[in-house]
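Colleague: coordinates only, sequence not included:
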DNA sequence: AGCTGGTCCTGATGGC
DNA sequence: TGCCATCAGGACCAGC
């Protein structure tokens, strides 16, 4: 479940191995991802040296001198890293091999909601790319705090859960961590965002930072088919306090965890603990 | 059959 | 009325 922690764990597990390495070849087996993988991408990348891998929201930014490879994992995508020559035979959902001189990065994505795009350096700062331009603040950056969240939620009548998911107030909070953060902050997920005052915004911002940081620390989530790039499953699901636990006891008050649907997405919460 | 992680796009709605 | 921002729903898929 690639939410921000999973993407960050992926980034960290690849960056040390691949930064400074040269692309031997890019092989595209299935270009029908969310948008078609550009036909010229193989020629664009062959022989080029990867400078570094950054992250913006849930996007990975593979920086080269002449441009940036933008990748997104969608709902089911993952990058796996193999030592050179050690990759197993390609499976049915392995769509791209990014072959470096020392290792192979392989993109797997059963549902194909992910993306692999190219941004030319000549077209300017990648942060101004249409996919990145309207993203909210990075939750783990120092610039994200209660005051920032308070400003970003003014005039927003939608439920706070849905404003978190929208990604224009703060990036990287997906369905799982939205429930977990709101539980941590003791805030009802149904509250219109504009009704949160500075106090609750401060609690929520702190909760988001804490939950995401803990998840990164734990190596990402292990729900469904996620695994970090070295294949080790994440542990976060073992620590989820409300997500996926409807009917079981609230870890704080012991009352049952509820499941509701907001915007066609499941929300898990404790009606007793989340009314502050 | 119905549910599942993300998010772009479209068309509708609502405030000024 | 018109403009703009926001909102809600649909779309993309495969696997369980």
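Modeller: Looks like it arrived, so ask away. In this text the structure is predicted, and so the values were computed from the model without any measurement.

Colleague: Give me the sheet partners of the host helix or strand of residue A:95 and which way each runs.
Modeller: Secondary structure assignment for residue A:95, by DSSP states H and E: strand A:94-100. Using DSSP bridges, strand A:94-100 pairs in its sheet with strand A:23-28 (antiparallel), strand A:103-108 (antiparallel).

Colleague: now that strand: mean pLDDT?
Modeller: If you average the pLDDT over strand A:94-100, you get 96.

Colleague: and if you look at stretch A:213-228?
Modeller: Here the average pLDDT along stretch A:213-228 is 63.

Colleague: circling back: check whether the strand holding residue A:95 comes into contact with DNA strand C.
Modeller: No. Using CB under 7 Å from any atom of the strand, no contact is recorded between strand A:94-100 and DNA strand C, whose separation bottoms out at 10.8 Å. No exception for glycine: its C-beta is placed from N, CA and C like everyone else's.

Colleague: can you list the residues that contact that strand?
Modeller: Strand A:94-100 has contacts (CB atoms under 8 Å, 6 or more residues apart in numbering) with A:18, A:21-31, A:33, A:37, A:45, A:50, A:84, A:87, A:90, A:104-109, A:112, A:116.

Colleague: Which helix or strand lies directly C-terminal to the helix or strand bottoming out on mean pLDDT in chain A?
Modeller: For chain A, counting by mean pLDDT, DSSP states H and E, helix A:236-239 ranks last in confidence among helices and strands (a mean of 53). On the C-terminal side of helix A:236-239, the nearest following helix or strand under DSSP H and E is strand A:258-262.

Colleague: Give me the helices and strands touching that following strand, please.
Modeller: For strand A:258-262, the packing partners by 3 or more CB pairs under 8 Å, 6 or more residues apart in numbering; DSSP states H and E come out as strand A:265-269.

Colleague: Name the nearest residue to the closest residue to DNA strand B within the stretch 151-276 of chain A, ignoring sequence neighbours.
Modeller: Nearest residue of the stretch 151-276 of chain A to DNA strand B: residue A:174, at 1.7 Å (CB to the nearest atom of the strand). Computed as CB to CB, 6 or more residues apart in numbering, the closest residue to residue A:174 that is not its neighbour in sequence is residue A:3, at 3.5 Å.

Colleague: Now do the one you found, the pLDDT please.
Modeller: According to the predicted model, the pLDDT of residue A:3 comes to 88.

Colleague: how much space between it and residue A:39?
Modeller: 31 Å (CB to CB, to the nearest Å).

Colleague: what helix or strand does residue A:51 sit in?
Modeller: For residue A:51, the enclosing helix or strand under DSSP H and E is strand A:50-56.

Colleague: That strand packs against which elements?
Modeller: Looks like strand A:50-56 contacts helix A:4-18, strand A:59-64 (3+ CB pairs under 8 Å, 6+ apart).

Colleague: DNA strand C is nearest to which of the ones you listed?
Modeller: Minimum separation from DNA strand C across the helices and strands packed on strand A:50-56 (CB to the nearest atom of the strand) falls at strand A:59-64, 16.1 Å.

Colleague: List the neighbouring strands of the closest one plus their orientation.
Modeller: Partners of strand A:59-64 in its sheet, by DSSP bridges: strand A:50-56 (antiparallel), strand A:67-72 (antiparallel).

Colleague: and the stretch 101-250 of chain A, which of its residues are near DNA strand C?
Modeller: Looking at DNA strand C, the residues of the stretch 101-250 of chain A close enough under CB under 7 Å from any atom of the strand are A:110-113, A:155-159, A:162-163, A:166, A:168, A:193.
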